[in-house]
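Student: need a 3D model of the sequence below.
(chains A and B)
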Amino acid sequence: KAGVTQTPRYLIKTRGQQVTLSCSPISGHRSVSWYQQTPGQGLQFLFEYFSETQRNKGNFPGRFSGRQFSNSRSEMNVSTLELGDSALYLCASSLEGGKQPQHFGDGTRLSIL
Amino acid sequence: AQSVTQLGSHVSVSEGALVLLRCNYSSSVPPYLFWYVQYPNQGLQLLLKYTTGATLVKGINGFEAEFKKSETSFHLTKPSAHMSDAAEYFCAVSKPFNNDMRFGAGTRLTVKP
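Tutor: Below is the predicted model:
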């Protein structure tokens, strides 16, 4: 069974640009969550999508947005990039919320110049 | 609100020695608790989880953790460390049926030969 796939693995952007990251969950998983990992702030929850609807949201500015498609694939968009957005962005999928654990992809490393 | 404190950002043990990684949580409701491991340039891999039921939870690679409500702790242990255990370990907490996980700052485990 294929795991969570995130593309691209590495991305370099400049300040002010926007970026879209993609996540394909494990087959059959309907919940997709996004996390930001930085050395300073650690792992922080961005948002969760379930059945194409945002179900939970962390404490990030509106520049961070996401969506989920009918096949459960999800995209995350960051607009007007700032230097502080440099991070590893991790996607996790699960069957639903709750007891089923979240399975993580290997992440997209975003560097802002 | 949920939060996790991991005591010790770095832990060093000798190969064959006991591994003990400490995690204390704060939660307004009965928590779901998790331990994840992260190897360099990879995502997070679930080691074990506690939701309800037996308080001693066994996970992969010989790890186990015990949920102690009275101490609000969920420490991770392994009787005998192996070189391949060297990685970063994260404790996380969530509300039941909620994928908004709150992570600790992580503990980097070093295993000396």
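Student: A:H103 bridge partners, please.
Tutor: With DSSP bridges as the criterion, A:H103 is bridged to A:S93.
Student: give me the pLDDT value at it.
Tutor: If you check A:H103, the pLDDT there is 92.
Student: isn't it right next to B:L46, touching?
Tutor: Yes: here A:H103 reaches B:L46: they are 7.1 Å apart, a contact under Cβ atoms under 8 Å. Glycine gets a C-beta too; all of them are placed from N, C-alpha and C.
Student: neighbour-wise, which of these two wins?
Tutor: A:H103 (20 against 17; other Cβ atoms under 10 Å in any protein chain shown).
Student: can you pull the contacts of the more buried one?
Tutor: With contact set as Cβ atoms under 8 Å, 6 or more residues apart in numbering or on different chains, A:H103 has these partners: A:G3, A:V4, A:I26, A:H29, A:A92, A:S93, A:S94, B:L46.
Student: give the full set of residues in contact with the closest residue to the second one other than its chain neighbours.
Tutor: The spatial neighbour of A:V4 that comes closest, neighbours along the chain excluded (Cβ to Cβ, 6 or more residues apart in numbering or on different chains), is A:G105 at 3.6 Å. The neighbours of A:G105, taking Cβ under 8 Å, 6+ apart as the test, are A:G3, A:V4, A:T5, A:Q6, A:C23, A:L90, A:C91, A:A92, B:G43.
Student: could you rerun that using 7 Å?
Tutor: Listed by Cβ atoms under 7 Å, 6 or more residues apart in numbering or on different chains, the contact partners of A:G105 are A:G3, A:V4, A:T5, A:Q6, A:C23, A:L90, A:C91, B:G43.
Student: which SSE is the most centrally placed residue in chain B in?
Tutor: Residue closest to the average C-alpha location in chain B (Cα atoms, centre = their mean): B:W35, at 3.4 Å. Per DSSP states H and E, B:W35 falls inside strand B:32-38.
Student: poorly predicted segments of chain A, please.
Tutor: Residue ranges of chain A with pLDDT under 70: A:1, A:97-99.
Student: near chain B, which residues of it are found?
Tutor: Proximity of chain A to chain B, by Cβ under 7 Å from any Cβ of the partner chain, involves residues A:31, A:33, A:42-43, A:45, A:48, A:56, A:58, A:90, A:94, A:97-99, A:101-102, A:104-107.
Student: only the buried subset of these, as a PyMOL command please.
Tutor: Remark: buried members of those, expressed as a PyMOL selection using 16 or more other Cβ atoms under 10 Å in any protein chain shown:
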select buried, chain A and resi 31+33+42+43+45+48+56+58+90+94+97+98+101+102+104+105+106+107
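Student: direction included, what does the strand holding B:W35 pair up with?
Tutor: By DSSP bridges, strand B:32-38 pairs with strand B:44-50 (antiparallel), strand B:87-94 (antiparallel).
Student: hang on, the earlier thing: out of the contacts of A:H103, what pair is the most spread apart?
Tutor: Greatest spacing in those, by Cβ to Cβ: A:H29 and B:L46 (13.7 Å).
Student: so where do the strands sit in chain B?
Tutor: In chain B, the segments counted as strands under DSSP state E are B:3-7, B:10-14, B:19-26, B:32-38, B:44-50, B:56-58, B:64-68, B:73-78, B:87-94, B:102-103, B:107-112.
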